[in-house]
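Student: test case, fold it:
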Amino acid sequence: MLVSSFTPSFKNFPSGGTTMKMLALISFVTASSAFGRDAPPFIQQMAGCFSVTYNFVENGVSDEFFAPVLEKTELSVEGDLLKLNRSLILGTLVQPHWREEWQEINAADNIWEQTVYGPFGDLRYKCSGAMVEGSWRCEALKA
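Tutor: Numbers count the residues shown, from 1 in each chain. A predicted model of the protein is given here:
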């Protein structure tokens with residue numbers, strides 16, 4: 001079982017010069033204008049440029065831990081679907097990494113569905129859950 005959760009506490013990468021600050025600003029402007037109204041804050045807070053660490057914990061034997069890298073996340077909109085495209089910044093190379101799609105499936109109960117795709121467009125998992133007190137969590141049985 002895979003558990004996906006999100007509590008909005010991201011901060012833009014503070015050092016990296018003008019380029020990194022500009023990437024975060026461009027992503028935020030895209031998020032607001034493309035949605036026609038403001039995208040939900042928890043989605044907007046995932047767009048930008050961040051220092052991230054990846055910890056892949058599977059079975060205790062093939063786990064992998066990666067040093068912090070820069071990740072650029074851009075928000076785009078197709079109808080009611082919010083897409084976050086994530087790319088790793090490796091020196092001068094921008095490597096597409098993975099993407100997630102978000103869709104509100106029940107506005108009354110604030111239930112959102114997240115679908116995550118790998119770098120080659122392969123479905124990784126899909127699940128839904130309610131945004132409760134600024135935190136979202138879902139459990140995907142197949143990953």
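Student: check the offset of the helix or strand harbouring Thr115 from the chain's centre.
Tutor: Using DSSP states H and E, Thr115 maps to strand 111-117. Put simply, strand 111-117 sits 10 Å off its chain's centre (CA atoms, centre = their mean, to the nearest Å).
Student: tell me the helix or strand right after that strand.
Tutor: Next along the chain after strand 111-117, taking DSSP H and E as the criterion, comes strand 123-132.
Student: whichever helix or strand comes after that next one to strand 111-117, inter-axis angle?
Tutor: For strand 123-132, the following helix or strand on the C-terminal side (DSSP H and E) is strand 135-140. Relative orientation of strand 135-140 and strand 111-117, computed by axes from the mean of the first three to the mean of the last three CA atoms, to 10 degrees: 60 degrees.
Student: now for the chain, the helix or strand with the poorest mean pLDDT.
Tutor: Here the helix or strand of the chain ranked lowest by mean pLDDT, DSSP states H and E is helix 17-34, holding a mean of 35.
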